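1. Dropping a prediction and its sequence here:
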Amino acid sequence: QKVDIHIAGIYPANGSWSAPNIPISVRLALEHINSNNVVPGYTLRIDLENSQCKNTIGLSRLFHFIQNPNYTYVSLFGDGCSVVTGAVAEISYLYGLVSVAFASTSPSLANTERYPTLIRSRPSESSTIPARLRFITENGWKRIAIINQQEDLFVSTSHELQKLLNIDSVHYRIEIIDPKGPNLLEQLQGALALIEKEGYRIIVANMYQTLAVQLLCIMKSSGLQPPLVTWIFPGWYTDSWYDSPVQLSNITCTPEEIKRLSNGSLAFYAGPRFVDFNAENSTTISGYTAEQLFAEYSERVEKESNTSPNPTFIETAYAYDSMWMIAQGLSKIALAYDLTKHPSEYANDLYNNITSLSFIGWSGEISFVGHQRVERRVQLLEFVNGKLEYRGLFDNVPVHESDYIQTDDITYNEIYPFTVWSPDKASDGIEIHFVDIWIVVVVFISAVMSSIYVSIVIIVILVGIAKKLKAVTTSQPWITILITSGNYFVFILAIVFVIDGRILGIGSKKNEQACYFICHLRIWLGSVWVSTTFGGILVKSLRYYIIAIKNRFEYRRELSTKYILIFPLLLVGIDTIFVLILRLVQPVTFMESEVSSGKINPPIYQISECGIEMGNSYIVILIILVLFKVLLMLLSILMAYNIRNIVNKNQRFSAIVSWVTYNGTVFVITVSLIYSFVSDVNIKYPLCAIAILVGGLITASIISAPTLHYMRVDPNYIEGAHTGATDAFPEDIQILRKRIEALERDKNNLEHRLVKRLSRSIPNVIMEDEMMRLSKHFLGIELNKDPQLQRSNWQSQNLTFQQIKYASIDAKVSLDILFAILQIICKERSIPQAVQCPSISSEFIDLVFDICGPLIDIPFGGGSSKTQQRQRNNSGVITADSPRVKNITTPYVTRKRALYENCRLLAPDNELLSLIDTRKANWYFERDLAELVSEEPYVVRLKFEPKTRPEKGNIDKLYYQAEKQNICVVCGSKDGNGIRKKIVPAEYRK
Ligand SMILES: NCCCC(=O)O
């Protein structure tokens, strides 16, 4: 005759976590236990109560059992929820009951001091932690966010994970949500907003399914939806977990929405699948194989609850094994104790017996370390339409049982290698979101700054045009504008490049048209940039080539502005047509999300995926466009190379280096652009943007570099002798310099600032000669101004025929121009026949003095000599513009002393070195470098050996040693009081 003994049982039939089919599994276990007479002399019974996964209800059920007047309970089965298990285990220990929990996973339940009689048939959640970490590191995730429900289960699980994340230097931030606290909606929204703002894309959500449903519902209106973000939830959500009602103010979500929102999320679950139990399918303790047990259980579930058991959800197997653990523990003490007595009498023995068990249960090999069940398998699951689908199995601990360690002490290093499915291209946000944000900021700021810079250059050019500044008008401003506007396109392109699908909502298919618009905009901007910049360079090279090579620097032929503009605009037109054709041939269809193909976290749709899977015609047109651009670039580089040795007054070696660097830079950028079209690595966009931007900045700077270099104070440069340059018109440059110097003095002058800018865009072309211009204008004669001739040796005693002809024409033409001007003025002032009349009228003479008087003896260079600059008007203001005019009634001052004083300068050995004037002789005396030999004639002898002595036979020796006569070349007077006139202006003789 068997005696009934009772087990008190609590389980969550509903609530935050529920396992309504537990009674089916428990009853199946009891049937097998009793039929196998596992506890000799006793029949095991169970009284099951629903805890609703609430500790208060669980405790009330426990007290209800304890106060049962009919019998005492031998042990406590349950609960499945850690929150209940913890509460009831503490009390049941005081009562003397051994508790066997079947599904509670909180790592803190491993605390034997707090729960001395608690045993779990299911491993702790911390068993999943090494696998989670392994998964995190295998995917290269370095930043994760953790949202914890304010429950011991989740906080302690998270704590385990944090320890390992710290070891592996994975950055994490934690948000805590307390569903029992005030304003759950605000808590959830606040946490999501922070996570989104900081760009996390891997989020571990430690929470019960009821809170998970609320979170998913809120997430609907954030940018944190899968597949943009990889969510990791606990792996033990029940089959219809998404059915929990959403109670958040006005926010509602249907179960269908929740299912969709969870698609692609991950879960880790300590324990195998039903189908993986007992791989050899060996007989379990019950005498049945795991397969047979699952078949029997499934049949009953289908019969009793009209559902099919989920093969990944194994809590019922743990419950089955819990019953066997209790039964086997009791079997060992059944003969020693009366099991109908108070359980405190045998609690210790029962506890020790159970924790020393080792057997094959339905859930696999069961063995204990301390009082913890060890499980070495961890399932990786994926949410697909609300169902948790199996994706792989982790081997979590060493295979040898002797090496088993307490699950809560598992460390990362002890994980065995595993082969498991992993999400494709899942990114933790470092590459795309996090970096993008900063790159966008940097690119934006730089682009704005660069645009300001380019704007200033363009304004300066336009102001220059308006004011007819020579430097600008001769530099062909349209070319400069074209090239600089090319930089604008580059800056815009840089910004457009970092706009990805996430920003436009492409990932969630919100704005397909915007995606395609950006696709084409990128292509167009890229093309137009190449067209304007390289087209500009090409025409610049062409113009330079025509002027320098074809015209032999004579500026006879200019490349018409019409062509300068038409050419690049034509290219831009071609670009636009290309892009329009692309727009026509490309069907506006959107690539299907890979979620439907079963993969999780598919790559985010990025704008730059244009060009991929877009059809052959699209690719062909794109290739033609790119080839066309490459051709244009090559042509432009070739042209620049062709003129590399042409050096004119504005262009020196630095300019050549700059041109080469410029072309190299844009070439690198173009390669990056092409690469970006054909590759699919996410990081390429920001990198490309940076490359474009840096290239743009370098380009902008380099355009100015040659002229900046040129404008550097370098007085020797103008002569050009050391460079071999054909510095054709140094006076123009001098005028320009003086103009800038004058403006330098007025720092607040806007014009000063503009001209400083302007100085950077001084043309790389030859300036037109003023005399040529005047001659052409007034006489209709084109002068041949050969720069070589202009810079030839005008100090030579024997001028060449060419020089004489040149000088004669210059002199003649100057006079002719003067007369032409006078003729015009005469006409205006009605002075009849003034020029033609053989007897020149006094009116005409007055006119000549009127016009020419102020110009007499004006220093060469346009009236900016130092004396003039120092001149002040009546109010004390410097008047640099009004030239100092000598009194025309006494235009000349005769010499006070002879021009040639013929003092003799002797070497220490009395050799005659040269004839000098007294001022120079005195200079030697003052410095005690010479001694007086005689005063009449004036002879001095050097006290030191001169560096050089006049060479014998050298014509210069004769010149320097010859005594020079003070005779007027006009009247022959020898009084030495004549005037000295310079035939060749001093400026030419420098
Ligand atoms: N297996 C469900 C775990 C829930 C809990 O421990 O509370």
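-> Good, I have the coordinates.
2. where are the low-confidence patches of the stretch 201-350 of the chain?
-> 277-280 (pLDDT under 70).
3. What residues does the protein have near the ligand?
-> Trp17, Gly80, Cys81, Ser82, Val83, Ala103, Ser104, Thr105, Ser106, Leu153, Trp236, Glu315 (Cβ under 6 Å from any ligand atom). No exception for glycine: its C-beta is placed from N, CA and C like everyone else's.
4. I figured the fourth one was touching Phe102, is that so?
-> Pointing back at Ser82 there. No. The criterion here is Cβ atoms under 8 Å, and Ser82 misses it with Phe102 at 11.6 Å.
5. Gln52 - nearest residue in space that isn't next to it in sequence?
-> Distances taken as Cβ to Cβ, 6 or more residues apart in numbering place Gly15 nearest to Gln52, at 4.1 Å, with adjacent residues excluded.
6. For the residues of the chain next to the ligand, which single residue is the most surrounded?
-> Highest neighbour count within those, by other Cβ atoms under 10 Å: Cys81, with 31 neighbours.
7. residues contacting it?
-> For Cys81, the contacting residues are Pro12, Gly15, Ser16, Trp17, Ser51, Cys53, Lys54, Gly58, Ala103, Ser104, by Cβ atoms under 8 Å, 6 or more residues apart in numbering.
8. Distance of it relative to Ile621?
-> 62 Å (Cβ to Cβ, to the nearest Å).
9. Enumerate every residue touching the closest residue to Leu224 other than its chain neighbours.
-> The shortest distance from Leu224 to any non-neighbouring residue, by Cβ to Cβ, 6+ apart, is to Glu196 (5.5 Å). The contact partners of Glu196, by Cβ under 8 Å, 6+ apart, come to Ser222, Gly223, Leu224.
10. can you tell me the helix or strand for the last one?
-> In this structure, Leu224 sits in neither a helix nor a strand according to DSSP states H and E.
11. doesn't Leu192 make contact with it?
-> Yes. Leu224 lies in contact with Leu192 (Cβ under 8 Å); the separation is 5.9 Å.
12. Highest neighbour count among the contacts of Cys81?
-> Ser51 (30 neighbours).
13. residue contacts, that one?
-> Ile10, Tyr11, Pro12, Gly15, Ile57, Gly58, Arg61, Gly78, Asp79, Gly80, Cys81, Val84.
14. What helix or strand is the residue nearest to the third one when sequence neighbours are not counted located in?
-> Think Pro12. Spatial nearest neighbour of Pro12, chain neighbours left out: Cys53 (3.9 Å); criterion: Cβ to Cβ, 6+ apart. Taking DSSP H and E as the definition, Cys53 sits outside all helices and strands.
15. pLDDT score for Cys53?
-> Predicted confidence (pLDDT) for Cys53: 94.
16. Could you pull up the contacting residues of it?
-> Pro12, Asn14, Gly15, Ser16, Trp17, Ser18, Asp79, Gly80, Cys81, Val83, Val84, Tyr208.
17. can you check Asn14 too?
-> Pro20, Asn50, Gln52, Cys53.
18. who does the second one bridge with?
-> In this entry, Asn50 is beta-bridged to Tyr11, by DSSP bridges.
19. Can you get me a residue count around it?
-> Neighbourhood size, Asn50 [other Cβ under 10 Å]: 20.
20. pLDDT value on it, please?
-> 97.
21. residues in contact with it?
-> Asn50 touches Ile10, Tyr11, Pro12, Ala13, Asn14, Ile57, Arg61, counting by Cβ under 8 Å, 6+ apart.
22. go on, Val301?
-> Residues in contact with Val301 (Cβ under 8 Å, 6+ apart) are Asn21, Ile24, Thr307, Ser308, Pro309.
23. which among those residues end up buried?
-> Among the contacts of Val301, those scoring as buried are Asn21, Ile24, Pro309 (criterion: 16 or more other Cβ atoms under 10 Å).
24. so the last one sits in a strand?
-> No. Going by DSSP: H, G, I helix; E, B strand; the rest coil, the assignment for Pro309 is coil, not a strand.
25. Hmm, it is touching Thr316, no?
-> Yes. Judged on Cβ under 8 Å, Pro309 makes contact with Thr316 at a distance of 7.0 Å.
26. what's the overlap in contacts for those two?
-> Common neighbours of Pro309 and Thr316 (Cβ under 8 Å, 6+ apart) are Asn21, Tyr297.
27. contacting residues for the closest residue in space to Val933 that isn't next to it in sequence?
-> If the residues on either side of it in the chain are set aside, Val933 comes closest to Val939, at 3.9 Å by Cβ to Cβ, 6+ apart. Each residue near Val939 by Cβ under 8 Å, 6+ apart is listed here: Cys903, Arg904, Leu906, Leu932, Val933.
28. export those to CSV and tack on distance to Tyr959 and secondary structure?
-> Listed next are those as CSV, based on distance: Cβ to Cβ, whole Å; DSSP: H, G, I helix; E, B strand; the rest coil:
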residue, distance to Tyr959, secondary structure
Cys903, 16, strand
Arg904, 15, strand
Leu906, 18, strand
Leu932, 25, strand
Val933, 23, strand
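29. Most neighbours out of these, which is it?
-> Neighbour tally across the contacts of Val939 (other Cβ under 10 Å): the maximum, 20 neighbours, falls on Arg904.
30. and the gap between the nearest residue to that residue once chain neighbours are set aside and the ligand?
-> In this structure, Arg904 finds its nearest non-sequential neighbour in Val939, 4.4 Å apart by Cβ to Cβ, 6+ apart. Separation of Val939 from the ligand (Cβ to the nearest ligand atom, to the nearest Å) stands at 121 Å.
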